[in-house]
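In: What would the 3D arrangement of this be:
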Amino acid sequence: MTETTARIVSSEEESLILVDMNDNETGVLSKAECHDGEGVLHRAFSVFLFNPDGELLLQQRASGKRLWPLFWSNTCCSHPRQGESIEIAAVRRLQDELQASAALEFVYKFSYRANFEDLGSEHELCHVLLGSLDDTVTANTTEVEALRFVSAHKLEEELRANAEQFTPWFKMEWQRLNDEFPDVVARYTNRR
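Out: Okay, the predicted model is just below:
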């Protein structure tokens, strides 16, 4: 997991899919414009990958990220492109960021808005997917500063002690996964 590569895989100019609260497409807008001010609701996804020991792969967002740089978050998160399903987009992005592949399971979707200082906001309708990781990963340093595996128990301790070091969507997603989908989480974390 110590290998790295550097390749640009996204830009502020790329088009994001705008949606309504029912996830119906309403248009497209640049990534930069979607994240300006209070943000514009757009489609997104978050992936949580677990190793065979039941540990979650966390990523620390790259220092060059406009929003939440150097914050810890779930394994991978991004946006589908026009005409691309969530599943295809998630597979693409796992390759782009981690040179990894995994079978993914959709669990739920939700909308949220979170502001980051005066630099912009995330306003997303986010699809949450879980999967198992059996291969090694190679971090793309344009997207990922660092990677680490953490047990569910250790993660919960860290979230209680240092919640400010984690992205807001990750905290919301992890809480909801454990509150509403404990059986799904248990399949991946080996908790019964």
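
In: End to end on stretch 77-87, go ahead and measure it.
Out: 12 Å (CA to CA, to the nearest Å).

In: buried ones in that stretch?
Out: Residues of stretch 77-87 classed as buried by neighbour count (16 or more other CB atoms under 10 Å): 77, 78, 79, 80, 86. All C-beta spots, glycine's among them, are computed from the backbone N, C-alpha and C.

In: what's the spacing between it and its chain's center?
Out: 12 Å (CA atoms, centre = their mean, to the nearest Å).

In: ok so, going back, would you convert the buried residues of stretch 77-87 into CSV that also reports pLDDT?
Out: What follows is those, written out as CSV (pLDDT from 0 to 100):
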residue, pLDDT
77, 95
78, 94
79, 95
80, 96
86, 96
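
In: out of the residues you listed, which are inside helices?
Out: residue 86 (DSSP state H).

In: List just the nearest of the buried residues of stretch 77-87 to residue 160.
Out: Nearest to residue 160 among the buried residues of stretch 77-87: residue 77, at 22.5 Å, using CB to CB.

In: now the strands for the chain?
Out: Secondary structure of the chain, counting by DSSP state E: strands at 4-5, 15-19, 25-30, 42-50, 56-61, 72-73, 76-78, 104-116, 120-132, 139-140, 144-150.

In: can you list those strands in a markdown table and add distance to residue 187?
Out: As requested, these are exported to a markdown table (distance: least, CB to CB, whole Å):
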| stretch | distance to residue 187 |
| --- | --- |
| strand 4-5 | 31 |
| strand 15-19 | 29 |
| strand 25-30 | 32 |
| strand 42-50 | 9 |
| strand 56-61 | 13 |
| strand 72-73 | 22 |
| strand 76-78 | 19 |
| strand 104-116 | 9 |
| strand 120-132 | 8 |
| strand 139-140 | 26 |
| strand 144-150 | 17 |
